[in-house]
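Undergrad: model this:
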Amino acid sequence: MWVPNLPVTIISGLAAGAGVLCLIKDMYGGPPYNKEMSAAGNTVIITGAASGIGKEAAWEFAKRGAKVFMACRDMSACEVARKEVVLETQNKYVYCRPCDLGDLASVRNFVQIFKSEEPRVHILINNAAVMEPPQGVTRDGFETQLGVNHMGHFLLTQLLLDTIVASAPSRVISVTCPRHTKGDLNMEDLNFSKHYDAAAAYNQSKLANVLFMRELGRRMLEKDVAVIAVDPGLTDTNLTRHLSMAKSVSRFVVYPIFWPFMKRPRTGAQTLVHAALEPSLQKCKGDYFVDMKLTQPSEKAQDYELAQWLWKVSERWTKAQEHQAALNVAAA
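TA: Got it, this is the predicted structure:
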């Protein structure tokens, strides 16, 4: 009786299974955003564009004809990503610029250089983030996640806001995630200096992203500036690189189970492109989108008094007015 070649059969079965998993992954990711929508004539800034969703968003905008500025902390990684984007899209107007969101002086320097080079910014995407790192503070003394995920982006947006308004129609987009629903502002100790809880601090920073967009949207009611918070959905990126050993071990157990249902970074980036280019969203003023669908955020994320409180604290902690004055002096 003929016996099939067992190793070949096993390999064929594994290959077929992998193919099915990839199909499931692509189906779960959903359709890409309108490929015909051009970004030509737009100047785009994306933070955290050296990898993951940020890099893929840079690729998408470059492919659609935009001038793209990749604002990153790691210039070596950024340059590698930039070269890939330029070679694949044939768009030479893609640039790396240093911007460390954990250092407010670096944020101000980025804006100063950018404004000396460019008169307009049509799309600002606050994408960079850090998740559950060991306890630490930024150069300016902020808890790392609060500093990078919120305060750095708050100052960046504030210092660019005059240019964004002058470039209207324009848009400001901040990337958040479902963890904002578990978030709460630790109003007595935003820095978690008394009792550090990495997960709670991350949730707080993601809630801050949504609250920031809500308040900015309110302040832009009379301006032709769209303001949108975006949840790209479950996407396979390196955001979890700082997780503790215990969580990392569990991740290696859980990850293979969820992998088929995780979006590829380029698929996740479609949500950012949609928020940036979809014409019907130009009237958005702090709206929240999940997978390109308008969604209600958590109740706390809709608390305008809380949003105003966070704005005032952020303005004071980042010394936004002082940084703006320094920029004005430098430009004079």
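Undergrad: residue ranges with poor pLDDT in this protein?
TA: 1-30, 234-263 (pLDDT under 70).
Undergrad: Next one: the most centrally placed residue in it from E79, what distance?
TA: Geometric centre of the chain, nearest residue: N127, 1.6 Å, by CA atoms, centre = their mean. According to CB to CB, to the nearest Å, N127 stands 18 Å off from E79. Placement of C-beta: from N, CA and C, glycine included.
Undergrad: how about the strands in the stretch 201-332 of the chain?
TA: Using DSSP state E, counting those that start in this stretch, the strands found in the stretch 201-332 of the chain span residues 225-231, 285-290, 293-294.
Undergrad: partners of the first one in the sheet?
TA: What that stands for is strand 225-231. Strand 225-231 has these partner strands in its sheet, going by DSSP bridges: strand 170-175 (parallel), strand 285-290 (parallel).
Undergrad: cool, and the last one?
TA: When sheet partners are counted by DSSP bridges, strand 293-294 sits next to strand 285-290 (antiparallel).
Undergrad: Which residues does the partner strand contact?
TA: If you take CB atoms under 8 Å, 6 or more residues apart in numbering as the criterion, strand 285-290 is touched by 176, 178, 210, 213-218, 220-221, 226-231, 233, 271, 274-275, 281, 294-297, 301.
Undergrad: what are the C-alpha coordinates of it, in CSV please?
TA: This file holds the C-alpha atoms of strand 285-290, laid out as CSV (Å, rounded to 0.1, in the frame of the first residue of the first chain):
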residue,chain,number,x,y,z
LYS,A,285,-14.2,69.1,15.7
GLY,A,286,-12.8,66.5,18.1
ASP,A,287,-14.7,63.5,16.7
TYR,A,288,-13.5,59.9,17.4
PHE,A,289,-13.1,57.3,14.7
VAL,A,290,-12.5,53.6,15.0
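Undergrad: Buried residues, it. List them.
TA: By neighbour count with 16 or more other CB atoms under 10 Å, strand 285-290 contains the buried residues 285-290.
Undergrad: Same check on stretch 306-322?
TA: Result for stretch 306-322 [16+ other CB under 10 Å]: buried residues 306-307, 310-311, 313-314, 317-318, 320.
Undergrad: Same list, the strands paired with strand 225-231, but as a markdown table with distance to K182 please.
TA: Output for these, formatted as a markdown table (distance: least, CB to CB, whole Å):
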| stretch | distance to K182 |
| --- | --- |
| strand 170-175 | 17 |
| strand 285-290 | 15 |
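Undergrad: and T144, which of the ones you listed is closest to it?
TA: Nearest to T144 among those is strand 170-175; the distance by CB to CB comes to 17.3 Å.
Undergrad: quick one on the thing from earlier: mind checking which of the strands paired with strand 225-231 is nearest D103?
TA: Checking these against D103 by CB to CB gives strand 170-175 as the closest, at 19.5 Å.
Undergrad: number of nearby residues for G54?
TA: By other CB atoms under 10 Å, the residues close to G54 number 27.
Undergrad: Relative to G268, how far out is it?
TA: Using CB to CB, we find G54 at a distance of 10 Å from G268.
Undergrad: Now do the helix or strand A199 falls within against strand 225-231: the angle between them, please.
TA: For A199, the host element (DSSP states H and E) is helix 198-219. Interaxial angle of helix 198-219 relative to strand 225-231 (axes from the mean of the first three to the mean of the last three CA atoms, to 10 degrees): 160 degrees.
Undergrad: tally of neighbours for S38?
TA: Residues near S38, counting by other CB under 10 Å, number 12.
Undergrad: That one touches R64, doesn't it?
TA: Yes. Under the criterion of CB atoms under 8 Å, S38 makes contact with R64 at 5.4 Å.
Undergrad: isn't D184 right up against E299?
TA: No. The criterion here is CB under 8 Å, and D184 misses it with E299 at 11.1 Å.
Undergrad: quick one on the thing from earlier: give me the subset of the buried residues of stretch 306-322 lying in helices.
TA: Counting by DSSP state H, the part of the buried residues of stretch 306-322 found in helices is 306-307, 310-311, 313-314, 317-318, 320.
Undergrad: I appreciate the help and will end here.
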